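> give me a 3D structure for the following:
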Amino acid sequence: MPQTTFNVNVEELEKKILLILRILRDSPEPIGARLISRGMLERGVILSERAVRYHLKLMDDRGLTRFIGRHDGRTITEQGLAELNNARVRDKIGLSISRIEILAFRTALDLDKRQGVLPINVSFFPRKLFKKALEAMKPAFDAGLCVSELVASADEGARLGELVIPAGCVGFATVCSVVLNGIFLKSGVPTDSKFSGILQLKNGLPLRFVELIQYSGSSLDPSEIFIRGRMTSVCQAAKGVEGNVLANFREVPAPARKIVDGLIASLRNAGIGGVVSIGESGEPICEVPIDTNRFGMILYGGLNPVACAHERGIEVENRAMSTVIEYRELQNFSELCKNI
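Reported below is the predicted structural model:
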């Protein structure tokens, strides 16, 4: 049989290789062409299993990946990690906004029946510190500094959505604010995700953004950056005094206001909130200017409770905007604490 060839230019080939490397890096275990192909599809790139295997062979030859076995798949090498770190800037820019759009599209939640899938953030806590982490996160949930009190957890080797929990860790899922983008999208309401930032609260009321990162200019979820940089004081805000929390900013067309109000009420009935403030058409909100014929929305970041635990010195690794999960797999935070 004649050998199959794949006609791609060098630039397209490099982009696909970088995406495969990111998928391998984010997986706690070796994976094969089928899972890689599925992961690429979730990121908006269509590549068959056969084509993935072709790319993997090229990557093996370059020392970027290592073949573990037919059933185990491949893992990324140190050289592959270095290649990611040295990737061209233009290949890193905009990944965050793309992730928002993909997760919004994947959201398929029936708010009346309370079934379907919705986007989540996943955090990995060392098993021995998980109970302590739950105690540290409780004030943030009690104060409503979250998108939802619905959460999920899983032990090592199990999955939260499509993420496998690494050895020695417990996975903890929080509802991501992108769920609003998804619900709005399915109702025909376009949402412009502008930026994520640090919102200053005083006596429970929003004052202004003191830091911000535009989604279109970041390859990481900004919340991960703010948490790592110890830029939050969620514990203080949870006490009702002045503090800095994770928040996101959206813009919505003004004619959709009535629809949005109805959707927010339906979300709230399903245990999903996170709306800090909604502005009027064309008027600034928390010192952020708004385009004419649009109104602004400020949403709490889903990782605020996790930031609270991090502020208490608890080790955590976050995967913000990482996957989707079935609504039925979630439970109230207080119920999880009782079970633990």
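> for the rest of this, base every contact and every neighbour count on C-alpha atoms.
OK.
> thought E156 was touching A167?
Yes. E156 lies in contact with A167 (Cα atoms under 8 Å); the separation is 5.1 Å.
> flag the shaky bits of the stretch 201-340 of the chain, pLDDT-wise.
In the predicted model, the stretch 201-340 of the chain carries pLDDT under 70 at residues 219.
> can you show me the helices along it?
Applying DSSP state H, counting those that start in this stretch to the stretch 201-340 of the chain gives helices spanning 222-228, 234-238, 257-269, 304-311, 333-339.
> and those helices: which comes nearest I290?
I290 sits nearest to helix 257-269 of all these, at 14.5 Å, using Cα to Cα.
> what's the closest one packed up against?
helix 178-186 (3 or more Cα pairs under 8 Å, 6 or more residues apart in numbering; DSSP states H and E).
> avg pLDDT for the helix it packs on?
On average, the pLDDT along helix 178-186 is 97.
> and that helix, what other elements does it pack with?
Contacts defined by 3+ Cα pairs under 8 Å, 6+ apart place helix 178-186 against helix 95-106, strand 108-110, strand 115-126, helix 257-269.
> ok, the second one: who's next to it in the sheet?
Under the criterion DSSP bridges, strand 108-110 sits next to strand 115-126 (antiparallel) in its sheet.
> buried residues in the strand it pairs with?
For strand 115-126, burial by neighbour count (16 or more other Cα atoms under 10 Å) applies to 117-126.
> same check, this time on stretch 17-26
17-25.
> ok, now stretch 173-189?
For stretch 173-189, the neighbour count (16+ other Cα under 10 Å) marks 173-186, 189 as buried.
> same question for stretch 41-61.
Of the residues in stretch 41-61, 42-43, 47-49, 52-53, 55-56, 59-60 count as buried by neighbour count, 16+ other Cα under 10 Å.
> take the buried residues of stretch 17-26 and write them to TSV, including distance to L145, secondary structure and pLDDT.
Converted to TSV, the buried residues of stretch 17-26 look like this (distance: Cα to Cα, whole Å; DSSP: H, G, I helix; E, B strand; the rest coil; pLDDT from 0 to 100):
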residue	distance to L145	secondary structure	pLDDT
I17	39	helix	88
L18	36	helix	87
L19	34	helix	88
I20	35	helix	92
L21	35	helix	91
R22	31	helix	87
I23	31	helix	90
L24	33	helix	91
R25	31	helix	88
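> farthest pair in those?
Farthest pair in the buried residues of stretch 17-26 (Cα to Cα) is I17 and R25. Separation: 12.1 Å.
> from the buried residues of stretch 41-61, pick the one nearest L81.
For the buried residues of stretch 41-61, the minimum distance to L81 (Cα to Cα) is 12.3 Å, reached by M59.
> what distance separates the one helix or strand that closest one maps to from the middle of the whole chain?
M59 belongs to helix 49-61 when assigned by DSSP states H and E. In this view, helix 49-61 has its centroid 28 Å away from the chain centroid, taken as Cα atoms, centre = their mean, to the nearest Å.
> thanks a lot, see you next time.
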